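# Structure of the sequence below:
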Amino acid sequence: MRAMEYRANVTGPKPNEEMNQFLESNMKTNKSYTKRIKVTKNGKLIARKPGQNHFNAKESGTQRLARKRTQTLSLPKRVTRRFLPKSGA
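I've put the predicted structure just below:
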């Protein structure tokens, strides 16, 4: 009983702030995600367009060229913080 009374009177950071600090310092980068995405120096995310590995002979040349170009991703901050915590994006 005394331990609970003592804990109630201790002042310090709120539990939610402690959890946020813990998560920010201990979040791991999702490696499979980082292999598909490049982060530019300004923090933009660039990825390769999907669907160009095989069965491309039947597509027109313009379609094949369009798929070679990279595209910028616009992901919510929550997603980038979860998968790329140390990227600065």
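# does residue 72 have beta-bridge partners, and which?
Listed beta-bridge partners, residue 72: residue 46 (assigned using DSSP bridges).
# Give me the number of neighbouring residues for it.
9 (other C-beta atoms under 10 Å). All C-beta spots, glycine's among them, are computed from the backbone N, C-alpha and C.
# now do the one 10 residues further on
Other residues within reach of residue 82 by the criterion other C-beta under 10 Å amount to 15.
# same check, this time on residue 66
Residue 66 has 13 nearby residues by other C-beta under 10 Å.
# Let me see the contact set for the closest residue to it other than its chain neighbours.
With sequence-adjacent residues excluded and distances taken as C-beta to C-beta, 6 or more residues apart in numbering, residue 66 is closest to residue 49, at 7.7 Å. Residues near residue 49 by C-beta atoms under 8 Å, 6 or more residues apart in numbering: 66-71.
# Which single one of those residues is nearest to residue 35?
The nearest member of these to residue 35, counting by C-beta to C-beta, is residue 70 at 14.4 Å.
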